[in-house]
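Trainee: Structure of the sequence below:
(one chain, ligands or ions: 1)
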Amino acid sequence: MIKRFVFGKPFDTEAIINKPKQEEGNIPYFEKNGNTFSYEMDDKDIVWGLGENVRGMNKRGHKYTSWCSDEFEHSEEKQSLYGAHNFFIIDGKTKLGFFVDCPGRVDFDIGDTEYSKLYITIENSGFEIYLLEGSSVISIVKEFRQLIGTSYIPPKWAFGIGQSRWGYGSEEDLLKVQEGYRKNNLPVDMIYLDIDYMDNFKDFTVDSNKYRDFKSTISKLKEDKIRVIPIIDAGVKVEDGYSVYDEGIKNGFFCKDKEGKEFIVGVWPGKSVLPDFLNKAAARWFGDKYKVLTDMGIEGFWNDMNEPALFYSEKNKQEVFEHLAEYKDTNVGLYANFAMKDAVNLMANNLKDYKSFYHETDKGKICHADVHNLYGYKMTKSASDSLERILGKEKYLLFSRASYIGMHRSSGIWMGDNKSWWSHILLNLKMLPSLNMCGFIYTGADLGGFGSDTTEDLLLRWYALGVFLPLFRNHSCLGSREQEPYQFKAVDKFRGLLNLRYRLLPYLYETFIDSVKNNEMYGSPLGFVWTDDEDAKRCEDQLLIGDSIMIAPVYEQNATGRHVYLPEEMKLIRFKGSEIIEEELMGAGHNYIHCNLDEICIFLRKNKKLPLAKEAASIEDLDWKDLTYIEY
Ligand code: MIG
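Mentor: A predicted model of the protein is given here:
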């Protein structure tokens, strides 16, 4: 049962494709006080959802804010990451799904202020609320997913291994990665280009000092079955003579300030302007630019900095410097010291800036802050529309950093700037089901960690989770330790895990397609399946992948195994690299499982079978039909 309530005059986000008729009256179960809705939770209620966020699968005990943010430190106290995914499910005696469809800021206080109280506060005056009732969590997920429409399916090769690093810019860099993989007999399907390939960080340009002939480099790699996936940033460099800038100015396609002048911000190239993706003509124009690169053989992209992330705005920067000048000849004590630092740090992604520029929409001029959470979605939609026209449906790879529900229909997301921290293996595992609930199925994390220096053992353990994620990509930050698998002594161990990825792909791909087509979970908390098992419901470090297997990756450094909870009898399949070395039936209950750095333990459910392919050097080499089956 889905009920739709409308308040004020909402801006149509296009998150929902099948809108039920509008209800009159109050929202059942919830109390309304202004724009705050509250709900009384039972002690045992679990709250699942909210997509991309820190902390647990059970979101209870913290505050979250939907406000797409360039947040490079995913620590426990954070309340917002890059996505705005306003959907959650209360799982108790009463089971309720709740979705706030609103492109502005929304706050969720889930038992933080008061353990038994859930508060939702919406800043905009116009919004829609969907209340979903069902007999089980999974039935509510399915209802919701039907409401928001079918998720994106990338081409098959997008399920292969991807290697990325901020810093690869030149042809030499690409060829070095290719050689690193091929010489070490490591399978690979994609190499990513970060901002370094561009001429002065200008979108849709290629630095001619780094490539003799970009197109032929791309086709050379393609002959080796490797696709090159470049990044595109939201900000456009201010530079006369740069066609993207010139055309955008001529047509009025960039966001403007109150006075109607282009709003100038600072991003990679320094002074930049923001394409107005909420203006249909501007979006279409920007989307068409991707053709510059598809014409050179590119078939996939990642969209970045589209919260949009702002280093500063030109106007605010001036004010900050004036303010700082006041400290120059004064005695800077404790509070002045804080204020001085804050003045600089708060220049980035400043709310005042987000309130200072406007979009030209079908509904007239709208202040950015009121529609902030749609920017990345609409940027990525402009790209996916164009790529679908150029390459065709299911023929392009596309994922974005910022997102809103609705974007899941035409692209994926990655989980953003994690760190080479052990705790982030677990964080990324927990994010997967929350994202799946919101329709984001094609997703994955920067394996090895983006920020900080990784270690061999951390990368191996991360791969043991990554093997099961739809998007498999090793990515790291400029200046961090190089973390391609061939940089490590244990390259043989890495080879084993990478080979296992391809062996598992028939199962993983089928699971992926099934979750898209039937609105199922790809990675599911145990509590969605064993709904009356308290231990299963509280288990937050294991996942079901599809309906046949359970995974339980090791995420503690120096651990030689871990605790695993089995809600029912299962068959343990132990892989050493890509080979099975042990199969053992295990009874239900709490167990301790040993698992070496080069091993992966998969738990197969009763009456299910796991197909395994032969190893392959790339997706194109994979034989999807020549399978062996492990049965239980
Ligand atoms: O704020 O393009 O999340 O993957 O390597 C840094 C450079 C900008 C952030 C992305 C990251 C990427 C980096 N970008």
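Trainee: Val238 reaches Lys271, doesn't it?
Mentor: Yes. At 4.2 Å, Val238 counts as touching Lys271 under the criterion of Cβ atoms under 8 Å. For the C-beta atoms, the positions are set from N, CA and C on the backbone; glycine is no exception.
Trainee: Return every residue with contacts to both of those two.
Mentor: Contact criterion Cβ atoms under 8 Å, 6 or more residues apart in numbering; residues shared by Val238 and Lys271: Ile264.
Trainee: quick one, which of these two is more surrounded?
Mentor: Val238 (19 against 14; other Cβ atoms under 10 Å).
Trainee: helix, strand or coil for the closest residue to Leu572 other than its chain neighbours?
Mentor: Sequence neighbours aside, Glu584 is the residue nearest to Leu572 in space, at 4.7 Å (criterion: Cβ to Cβ, 6 or more residues apart in numbering). What DSSP: H, G, I helix; E, B strand; the rest coil gives for Glu584 is strand.
Trainee: what sits up against stretch 275-285?
Mentor: 234, 236, 247-248, 251, 253-255, 286, 359-362, 366, 371, 374-375, 378-379, 381-382, 385-386.
Trainee: Next one, pLDDT for the residue of the stretch 251-400 of the chain found nearest the ligand please.
Mentor: Nearest residue of the stretch 251-400 of the chain to the ligand (Cβ to the nearest ligand atom) works out as Asp304 at 5.0 Å. pLDDT for Asp304: 98.
Trainee: Same question for the one 5 residues further on.
Mentor: The pLDDT attached to Ala309 in the predicted structure is 98.
Trainee: Provide the secondary structure category for it.
Mentor: coil.
Trainee: End to end on stretch 6-17, go ahead and measure it.
Mentor: 16 Å (Cα to Cα, to the nearest Å).
Trainee: in that stretch, what's buried?
Mentor: Residues of stretch 6-17 classed as buried: Phe7, Pro10, Phe11, Thr13, Glu14, Ala15, Ile16 (neighbour count, 16 or more other Cβ atoms under 10 Å).
Trainee: got it, and stretch 505-520?
Mentor: By neighbour count on 16+ other Cβ under 10 Å, the buried set for stretch 505-520 is Leu505, Pro506, Tyr507, Leu508, Tyr509, Thr511, Phe512, Ser515, Val516, Asn519, Glu520.
Trainee: residues in contact with the fourth one?
Mentor: Which is Leu508. Phe159, Phe468, Pro470, Ile545, Gly546.
Trainee: quick one: it is in a helix?
Mentor: Yes. Counting by three-state DSSP, Leu508 is part of a helix.
Trainee: Just the pLDDT at it, thanks.
Mentor: On the pLDDT scale, Leu508 gets 98.
Trainee: distance of it from Gly466?
Mentor: Distance of Leu508 to Gly466, computed by Cβ to Cβ, to the nearest Å: 11 Å.
Trainee: Equivalent analysis for Met57, please.
Mentor: Distance, Met57 to Gly466, using Cβ to Cβ: 19 Å.
Trainee: tell me which residues in stretch 310-318 are buried?
Mentor: Neighbour counts over stretch 310-318 (16+ other Cβ under 10 Å) mark Leu310, Phe311, Tyr312, Ser313, Glu314, Asn316, Lys317 as buried.
Trainee: wait, the last one sits on Met347?
Mentor: Pointing back at Lys317 there. Yes. Between Lys317 and Met347 there is a contact at 6.5 Å, judged by Cβ under 8 Å.
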